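# Got a predicted structure plus its sequence, pasted below:
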Amino acid sequence: MRRPRQRKSSNVSNVRFAKSSLLLGKALELPPAEPIVEERLVRLTDIFQSKAQTKLVEYMLENRSKVFNQSTLARFLDCSPSTVARIIEPLIAARIITYERFNQGMKVLSLNIDDERTKLFLEFHEKLKSL
């Protein structure tokens, strides 16, 4: 029994189109496109996913001027550094926490007090403490 004939993909035409587009772009000397900054909607469930993450946010709000490393936060939360790495990812994506790698290894973390969301959290936290 013969197999049905498979249709050839249009990769060749896609490559030709891409090459012609590149050549056309070079000939016209188009300016480079500006980078797209994606504003992502941050939900409360992104920030307060677990008790550990909520405890971390509260701790960092109370110690807003301090800088931490991952192992210090792990000791405070009584969890592993890999758990801290997992729970800080959404906070970094929401720009509530900033981090830098120090000497190609240790992550140095701090509260991003310049971000508008963080300012709102600080204000909210202060109001809750005053009640």
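Yep, it's here. Numbering: from 1, shown residues only.

# Give me the average confidence score over stretch 104-115.
Average pLDDT, stretch 104-115: 86.

# swap that for stretch 55-75, please
Model confidence over stretch 55-75, given as mean pLDDT, is 91.

# didn't Leu77 look like it was pressed against Thr54?
No: the pair formed by Leu77 and Thr54 falls short of the contact definition of C-beta atoms under 8 Å, at 10.4 Å. No exception for glycine: its C-beta is placed from N, CA and C like everyone else's.

# Compare the two (neighbour count), which wins?
It is Leu77, of Leu77 and Thr54, that has more neighbours when counted by other C-beta atoms under 10 Å, with 18 against 13.

# Find the nearest non-adjacent residue to the more buried one, please.
The shortest distance from Leu77 to any residue that is not its chain neighbour, by C-beta to C-beta, 6 or more residues apart in numbering, is 5.2 Å, and that residue is Ala52.

# same thing with Phe68?
For Phe68, the spatially nearest residue (C-beta to C-beta, 6+ apart) is Leu109, at 4.9 Å.
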